[in-house]
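>>> Have a look at this prediction, sequence included:
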Amino acid sequence: MNIHFIAIGGSAMHNLAIALHKKGYQITGSDDTIFEPSKSRLDKHGLLPLTFGWYPEKITSNLDAIILGMHAKPNNPELLKAQEMGMKIYSYPEFLYEQSKDKTRVVIGGSHGKTTITSMILHVLNYHDINVDYMVGAQLEGFDTMVHLTKENEFIVLEGDEYLSSPIDRRPKFHLYQPNIALLSGIAWDHINVFPTFENYTEQFSIFTDSLTPGGIMVYNEEDIEVKKVVENSEHTIKKYPYHTPKYTIENGITLLDTPEGDMPLEIFGKHNLQNLAGAKWICQHMGVGEEEFYEAIESFKGASKRLEKIAENKISVIFKDFAHSPSKVAATTAAVKNQYNNRTVLACLELHTYSSLNAEFLKEYEGALNKADKAVVFYSPKAVAIKQLEEVSEEQIKNALKREDLIIYTNPNDFKQFLFSQNLENSAVLLMSSGNYGGLDFEEVKKLIS
């Protein structure tokens, strides 16, 4: 097949392009800008466009299909040409379904935890040499790409994102997969630019639950009130398997999981991660991995990239980088670090970077999110607010929203960096939470703070 990618440089898109290239497809692509690591990865496989920009002349009758990325606009010149020619245009998830409609589809959904749970499942399967197709939203240790597609593998494991499928397909991605086996980890309002009310957002998870194949399996977090409501109220003919936080203890900064074989030390920590582990165990068991085999493998799981990722540590201090940006993720991650290092000073730094987090109305959702930290800092860029064409937010609004009088706020990247590098980090745990990079913070430099 000859396939052309419009906006090939996206995190998901470039991984799919490489996976299809490895499968033997002829791949071309365009984008107006491509950043690292996408650029180097595409270049390595000979898929990097020679020049950046949109070229309608690339859309020819020789193409079998177009895959359209979210980065493209509805008036993209290549998209308009493809529509004019009546070509088949797929969104990313739509094409993944086409590639997997004869396989057993395992889809991991939820507002939070889905990347970690998908990563746990793949780690366990990889440990036991069980080959599956997959798509996951983070780079994993032991895996070359974030997407892997074959003709022969029986299962495909998909991270099920609730965001839109493409600029011309406004359905949430996870509505398109029609899973045989699925998991819901949690529901906490997000993506307010697309789902303006909590009810509208929650409805997407009900649609997902009802999209399972009849007789399919739904594994769900019964400790999450909204998830429990959505799954248990569904009248769809599916099997329902609830999970909850397993028993664990913490000794000398190590989390010990209570198993039938005794206490087992884990590389990961935090109640939310223990919940993720319980969900992953159920999914692996439905895929044929026994409980003992699961525990043997999960002991060595270190976490997904940027998910409570330990970037530096010495005997008395530790620094973590985390993708947390939504209120529920920020609260869970901050609490996990304080719980794990309760005899240390926890410095929690949060960058408000996404459309939702910079919205003046949505800010109140962050109330109490940083309360477990001993010191709390928020960084945001007024430029980012302007670029997103949002109503200006003030430092006072942020303080009032988080309900923390001693909250420190920075809007200048250099001032934030100066603050961070001036801290005495003896006997500390530092948590850097963002889906951005604090206006250009060099994390290699940050590592040296405690080296």
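Sure, I can see it. Numbers count the residues shown, from 1 in each chain.

>>> Which strand residues bridge residue 181?
Legend: beta-bridge partners of residue 181 under DSSP bridges are residue 106, residue 217.

>>> and it, what does it touch?
104-107, 216-217, 219, 283, 286-287 (C-beta atoms under 8 Å, 6 or more residues apart in numbering). Where you see a C-beta, it was placed from the backbone N, CA and C, and this is true even at glycine.

>>> Try it again at 10 Å.
For residue 181, the contacting residues are 104-108, 155, 157, 212-213, 216-219, 238-239, 241, 282-283, 286-287, by C-beta atoms under 10 Å, 6 or more residues apart in numbering.

>>> How much space separates it from residue 156?
Look at residue 181 and residue 156: by C-beta to C-beta, to the nearest Å, they are 11 Å apart.

>>> quick one: common contacting residues for the two?
With C-beta under 10 Å, 6+ apart as the test, residue 181 and residue 156 both reach 104-107.

>>> is it possible to export those to TSV including pLDDT, neighbour count and distance to residue 273?
Shown next, in TSV, are those (pLDDT from 0 to 100; neighbours: other C-beta atoms under 10 Å; distance: C-beta to C-beta, whole Å):
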residue	pLDDT	neighbour count	distance to residue 273
104	98	18	26
105	98	24	25
106	98	28	20
107	98	29	20
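
>>> residue ranges of the helices in the protein, please?
11-22, 38-44, 77-84, 92-100, 114-127, 198-210, 225-232, 271-286, 291-298, 327-340, 382-387, 395-402, 413-422, 443-447 (DSSP state H).

>>> sorry, back to before: any of the contacts of residue 181 buried? List them.
Judged by neighbour count, with 16 or more other C-beta atoms under 10 Å as the criterion, the buried members of these are 104-108, 155, 157, 212-213, 216-219, 238, 241, 282-283, 286-287.

>>> deepest of the helices of the chain, which one?
helix 114-127 (a mean of 25; mean count of other C-beta atoms under 10 Å).

>>> what's that helix packed up against?
strand 104-109, strand 133-135, strand 155-160, strand 181-184, helix 271-286, helix 291-298 (3 or more C-beta pairs under 10 Å, 6 or more residues apart in numbering; DSSP states H and E).

>>> Out of these, which gets nearest to residue 146?
Nearest of the helices and strands packed on helix 114-127 to residue 146, taken as C-beta to C-beta: strand 133-135 at 6.7 Å.

>>> In JSON lines, list the shared contacts of residue 181 and residue 156 along with distance to residue 30.
Output for these, formatted as JSON lines (distance: C-beta to C-beta, whole Å):
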{"residue": "104", "distance to residue 30": "34"}
{"residue": "105", "distance to residue 30": "30"}
{"residue": "106", "distance to residue 30": "32"}
{"residue": "107", "distance to residue 30": "29"}
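
>>> lowest-pLDDT helix or strand in this protein?
When the helices and strands of the chain are scored by mean pLDDT, DSSP states H and E, helix 382-387 comes last with a mean of 71.

>>> low-confidence ranges in this protein?
355, 384-388, 390 (pLDDT under 70).

>>> so who does the residue nearest to residue 19 when sequence neighbours are not counted touch?
Excluding the flanking residues, the one nearest residue 19 by C-beta to C-beta, 6 or more residues apart in numbering is residue 147, at 4.1 Å. Taking C-beta under 10 Å, 6+ apart, we find residue 147 in contact with 12-20, 22, 92, 96, 99, 133-136, 158.

>>> Over to residue 40?
34, 48.

>>> any idea how far it is from residue 144?
For residue 40, the distance to residue 144 - C-beta to C-beta - is 13 Å.

>>> Pull out the buried residues from stretch 429-440.
Buried residues in stretch 429-440 (16+ other C-beta under 10 Å): 429-436, 438-439.

>>> Of the residues you listed, which is the nearest to residue 331?
Comparing those against residue 331 with C-beta to C-beta places residue 433 closest, at 10.5 Å.

>>> Who is the closest one paired with across the strands?
With beta bridges defined as DSSP bridges, residue 433 has these partners: residue 322, residue 350.

>>> Touching, it and residue 370? I think so.
Yes: in this structure, residue 433 is within contact of residue 370 by C-beta atoms under 10 Å, at 9.2 Å.

>>> list the residues that contact both of the two?
330, 334, 348-350, 378.

>>> Residue 263: which of the residues you listed is nearest?
For the shared contacts of residue 433 and residue 370, the nearest to residue 263 is residue 334 (25.8 Å; C-beta to C-beta).

>>> check contacts around the closest one.
270, 322, 324, 346, 348, 350, 368-373, 376, 431, 433.

>>> The residue at minimal distance from the centre of the chain: what's it in contact with?
Nearest to the geometric centre of the chain sits residue 115, at 4.6 Å (C-alpha atoms, centre = their mean). Listed by C-beta under 10 Å, 6+ apart, the contact partners of residue 115 are 108, 136-138, 140, 146, 159, 161, 276, 303-307, 323.

>>> let's see it at 7 Å
Applying C-beta atoms under 7 Å, 6 or more residues apart in numbering, we find residue 115 in contact with 136-138, 159, 304, 307.
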